[in-house]
Every structure is written in C-alpha cells, then in structure tokens.
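Fold the following, please.
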Amino acid sequence: MLEALNNWVFSSDLGGLLPQQPCLLLWLISPPELAISSLVMAPLRGAKRRKRHPEKALPAGVTAPMPPPDAADWWDSFSRRLAAGHYSKESQNFESVFRMSRKTFDYICALISGDFSRKTQGFRNFRFGDKTILGLEDQVAVALLRLTTGESLLSIGNRFGMNHSAISNITWKFIESLEDRAISHLKWPDPEEMATIKAKFEKLQGLPNCCGAIDTTHILMCSSAQPNSNVWLDGENRNSMVLQAIVDPDLRFRDIVSGWPGSLDDSCILRTSGFYKVCEKGARLEGQMELPGDGEGAGSVVREYIIGDTSYPLLPWLMTPYQGRDLSPAKAEFNRRHTAARMVVHGAMARLKERWQVLKGELWRPDKHRLPRIIYACCLLTNIMIDRGDSERNRTSAGHNHDDGYMQQFSDVADEGAVAQRDMICQYVSRLGSKLPE
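Numbering: from 1, shown residues only. Below you'll find the predicted structure:
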C-alpha cells in the first residue's frame, strides 16, 4: 500500500503544487525512519543491510602491496601499507592521515571492539592483498580513511590490494557499530549540561537562557536517472539532501535530522521533526529564567529557547532576528548579538564538511537510506572528538560558510507570545551595551 501511494505522489500531475509539497506528501505517507534525531536516539533502519558476499578477484592491473616488516606498533605496519607505491612523510604521521589523536582512535576501537570480535553467523575475515587478516585497528583505520578522505572505494582498495566491495563492507560494519555503541555522544543535554550551555551562550553574547543554535546545510549528491530523482533538486538546481542540526557553544551536535530532499525549505523540515513536536508539547525547552538587573524588563520571565536565522518561524522556544530596515538601535544590537551567537552552528556545519570529506562534493546518488547514516556517523565521530578533547586539532581548518551558493530563506510566521519574549530579551541586551555579563 505504501509503495503504491509513493508511486502515485511522484507520477500524478502535481504541477500546481509548490516545489516542496510533493515531498511533504511523501512524508505524510512514509514511515518515520527518514529522520535521525537524538530525540529517538536510533539510527536509520529504513533499508535492509546488504548481504555480504565473498570478495571478488582483484581487478586487472591492481597489485597487492608488499608485506610490511615485523613491527611492534600497529601503526608502523599499517602506514607502510598505506604508503606502498607512493611514500610520503605525511603518510607516516598518524595525525596527518586521520586528523585525530591516537588516544581518540584507541577509544573508538575500544568502543566498538565487541562488534568486530564477535564471531556471529555472518562473521568474516577481511584480508589485505598479501592475505594478512585485518585486525580491529586495521578495519577501523580503513573505515576512517574512507570517511576522512572521501576517496572512492576503488581507490582505497587499490592502496591495500583489496577489492572495493571489501572496503564497502568494512565501512558499513564500522558505521553500524557506531550507531549502536556511540549514541551516548549525541544526545540532548541533561539539566546540569544545559546550565553550562546557557551560561556559555550568555557569556559569549549576553543572550539569557539560550540553549542552542539551529541551522541546515545541503549535502550534495550527483544527478541520477532514477525515477522521481527530481525531488532531490533544491532551489539552486542541485541534487542535495538536507541536514538540520542544533549545536551547543562547543560546536557539539545535540540534535540532528537528516534524510529530507533539498527541495524542502528550512521551516518545513523543522515542523516535521521530532524536536519541533516535543517543544510544541512543552516537553523540551520549558525552563524559565527571571531577567536580572534594574530598569525596564528587569524581573521579566524568559523561557528557554534556541536561536535560528530568518528562514525559521519566530516561536516561543525559537528566537529569530528582527527583519526589515531602519531598525532601532536596540533591535540592531539584538540582531548583532544574535548573529554572532549563531556562528557556532555555522562553524560546526562547515567543520563537519571539511573534516569528513565523504560529505563534501557530489559523491552520492539520491538515497534516503544510506546517506543519512553516513551523516549520522560523521556527527557521532565529531562529538567523540570534542568529548575526548580532540576538537582543537581542526579549529582553524574551516570558516563559517557551509552552504556556499544558497540564497537566504525567509519566514514571516511569528507567534504573538514569541514577539513579546524577543522584545524582552532585546531590552535586556540593549541595557548591556557593549558589555557582556560576568
């Protein structure tokens, strides 16, 4: 029944609808597995895992790398394989290759070791071209190489004398294990964590009771001749999938939603998310704060909220900037602080794409099942690096432009209560002037 409805949505004459409406119709009749959110904290299970087939013979012309010499350290052995045929100093430096510390790498290996060592019915050994079996560290390194560099399966396979299907199986085994073992690294803050987050936002830009910043970014995909592939065309005529994320001041992902076609606007994606639903029910961002100080607005109660740009509706729990020209000095000051505070989510999105090159460029064909899981895994790994104190390693590697070439969207939806709350916050920050709370 679901398949029939799906075919109808994209085969019927829907020319009179807005660009995003067929997508919304599809969402209404589709199962909820399209989105990954920390609210549910469950990975996508929308597609059956591929059956694992025996490795095929190596393509003609591909030579297996020479066996490494005996070495006490795992990395010494792996780096020799990695550099076979094209040695470089960079290939011998662990942190240059994986852009993370050995300490973080060892933590990831320990986190998923149970899944990689358990001999289940589907267990299989993977072998390098010289028939040496890949150990746990080898497999994690191969998967991280795929995500970090974005190189093709064939290219990575050629490095190690392995078939590309083996590289694919190792990568998906790694992702599936992360989905099960690393979910504690991407979750909504508990009360103690939230108090720290709010204090950091107020210290950064003086915004009281702020709990996070929200934005979306487009993950580009290559064009496809598959039926209904036009649904992935966004406003810039590119095939893309949208990632919505809420980020804290440390650039840590706190809630993500992925899997929606690029043809949907930010407001639509927000309203179909689990995060929106729990906030509207009052089950999240319900805490209140009394504004300190003297004068107008002092003693007023402000609800917890996140901040977003003009593409989002103004809601009691979502503060957006003032729109229009000739704003008063107070409103202009609010917008300035609001924009500066939102840089955390811009930086997080830009760093995500820069850090995990598998997300950068038109690599994927339209696929609402596999790509969201890649995105989720990359967000998990990013948070693991932050939690392990590894984030400084990439602080200067990316700017804040994560969606180059996309036009700013605008929403004119404004809740009356939200208008009043934004005005109270505006009055509060205007009293601060150029100062920030101590």
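
mean confidence score for stretch 214-222?
Stretch 214-222 shows a mean pLDDT of 91.

is it true that M241 lies in a strand?
Yes: judged by DSSP: H, G, I helix; E, B strand; the rest coil, M241 forms part of a strand.

dump the residue contacts of it.
With contacts defined as CB atoms under 8 Å, 6 or more residues apart in numbering, the neighbours of M241 are 218-219, 221, 232, 258-262, 364, 366, 368, 371-372, 375. C-beta here means a position set from N, CA and C on the backbone, and glycine is covered the same way.

Show the pLDDT at it.
We have a pLDDT of 91 for M241.

quick one: it from K277, how far?
Distance of M241 to K277, given as CB to CB, to the nearest Å: 22 Å.

Assign I246 to helix, strand or coil.
Strictly by three-state DSSP, I246 counts as strand.

what ranges do the helices span in the stretch 301-438 of the chain?
329-341, 343-355, 370-387, 416-432 (DSSP state H, counting those that start in this stretch).

among these, which is nearest L153?
Proximity to L153 (CB to CB) singles out helix 370-387 among the helices of the stretch 301-438 of the chain, at 12.9 Å.

Reformat the helices of the stretch 301-438 of the chain as a markdown table; add mean pLDDT and distance to F410.
Converted to a markdown table, those look like this (pLDDT from 0 to 100; distance: least, CB to CB, whole Å):
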| stretch | mean pLDDT | distance to F410 |
| --- | --- | --- |
| helix 329-341 | 95 | 14 |
| helix 343-355 | 94 | 18 |
| helix 370-387 | 95 | 26 |
| helix 416-432 | 93 | 16 |
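
still on that earlier bit, looking at the contacts of M241, which is nearest A340?
H218 (23.6 Å).

check contacts around the most centrally placed residue in the chain.
When CA atoms, centre = their mean is applied to the chain, the residue found nearest the centroid is C379 (4.4 Å). C379 makes contact with 186, 245, 253, 256, 352, according to CB under 8 Å, 6+ apart.

Out of the residues you listed, which is nearest to S177?
Distances from S177 to the contacts of C379, taken by CB to CB, are shortest for L186, at 14.9 Å.

Low-confidence regions, the stretch 151-300 of the chain specifically.
Filtered on pLDDT under 70, the stretch 151-300 of the chain yields the residue ranges 223-229, 294-298.

Could I get the full set of strands for it?
For the stretch 151-300 of the chain, applying DSSP state E, counting those that start in this stretch gives strands covering 210-220, 240-247, 253-261, 288-290.

For the first one, which strands pair with it and how are they oriented?
In its sheet, strand 210-220 lies beside strand 240-247 (antiparallel), strand 305-307 (parallel), with partners assigned from DSSP bridges.

right, so of those, which gets closest to G157?
strand 240-247 (25.7 Å).
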